[in-house]
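[1] Here is my input; please provide its structure:
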Amino acid sequence: EKGTVNQKGPEVVSKQAHGQMPLILLVEDNPDLRSHILQILTGQFRVIIAEDGVKGERLAIEHIPDLVISDVMMPGKDGYPLCHDLKTNAKTSHIPIVMLTAKAGQENKMEGLIQGADAYLTKPFQAEELLIRIQNLIDNRVKVWTHFSSMNSVVIKDLDVRSIEDQFFQQVMGVIR
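    Below is the predicted model of the structure:
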């Protein structure tokens with residue numbers, strides 16, 4: 001398996017049952033790094049691939065993955081605007097994003113975090129660190145969802161709701177009620 005997207009839609013790399021493993025969107029323009037990351041993820045996650053930020057955003061909205069891994073520097077739409085756009089869209093704002101970059105400077109890391117990235121890894125990175133960060137981010141989202149779903153639907157209507165995630169939660173609770 002090459003790790004490319006075919007004409008009919010995103011390639012699912014894992015051969016296991018689709019509903020049992022978390023879905024990861026990998027947005028990476030470098031074929032060698034894309035292949036390396038696919039080797040790390042295969043067997044533990046389902047993976048869909050985009051070669052640039054424009055396609056990555058479309059696939060994220062279309063498939064609502066459990067996590068996004070994105071390179072920072074790509075042709076067209078790079079990782080920072082992709083991260084910003086996903087984090088400000090009510091449909092995708094809950095998705096954790098791991099940013100990858102060759103730039104090790106604190107300024108670059110801060111830019112990724114300002115745009116809403118949940119984790120930031122500098123290339124080259126260790127496979128084990130990537131897997132641990134992915135699992136922690138996915139586990140934390142599950143814990144938050146479990147906590148809120150067990151709260152007996154207590155939502156205060158007049159609450160000053162500022163974040164997109166809070167607004168989305170208010171809407172969800174309204175629909176459930």
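
[2] Need phi/psi at the residue nearest the centre of the chain.
    Taking CA atoms, centre = their mean as the criterion, residue 68 is the residue nearest the geometric centre of the chain, at 2.3 Å. Residue 68 adopts backbone torsions of phi -120, psi 130, taken as degrees, to the nearest 10.

[3] moving C-terminal of the helix or strand of the chain with the lowest mean pLDDT, what's the next helix or strand?
    Ranked by mean pLDDT, DSSP states H and E, the weakest helix or strand in the chain is helix 106-114, scoring a mean of 63. On the C-terminal side of helix 106-114, the closest following helix or strand by DSSP states H and E is strand 119-122.

[4] can you dump the C-alpha coordinates of whichever helix or strand comes after that next one into PDB?
    The element immediately downstream of strand 119-122 (helix or strand, assigned by DSSP H and E) is helix 127-149. Taking Å, rounded to 0.1, in the frame of the first residue of the first chain, the C-alpha atoms of helix 127-149 are listed here in PDB:
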ATOM      1  CA  ALA A 127       7.700   7.100  16.600                       C
ATOM      2  CA  GLU A 128       6.900   6.200  20.200                       C
ATOM      3  CA  GLU A 129       6.400   9.900  21.100                       C
ATOM      4  CA  LEU A 130       4.100  10.400  18.200                       C
ATOM      5  CA  LEU A 131       2.000   7.400  19.200                       C
ATOM      6  CA  ILE A 132       1.900   8.400  22.900                       C
ATOM      7  CA  ARG A 133       0.800  11.900  22.000                       C
ATOM      8  CA  ILE A 134      -1.900  10.600  19.600                       C
ATOM      9  CA  GLN A 135      -3.200   8.100  22.200                       C
ATOM     10  CA  ASN A 136      -3.300  10.700  25.000                       C
ATOM     11  CA  LEU A 137      -5.200  13.200  22.900                       C
ATOM     12  CA  ILE A 138      -7.700  10.700  21.700                       C
ATOM     13  CA  ASP A 139      -8.100   9.300  25.300                       C
ATOM     14  CA  ASN A 140      -8.600  12.800  26.700                       C
ATOM     15  CA  ARG A 141     -11.400  13.500  24.200                       C
ATOM     16  CA  VAL A 142     -13.100  10.300  25.100                       C
ATOM     17  CA  LYS A 143     -12.900  11.200  28.800                       C
ATOM     18  CA  VAL A 144     -14.300  14.700  28.200                       C
ATOM     19  CA  TRP A 145     -17.200  13.200  26.200                       C
ATOM     20  CA  THR A 146     -17.900  10.600  28.900                       C
ATOM     21  CA  HIS A 147     -17.900  13.200  31.600                       C
ATOM     22  CA  PHE A 148     -20.300  15.500  29.800                       C
ATOM     23  CA  SER A 149     -22.600  12.700  28.700                       C
END
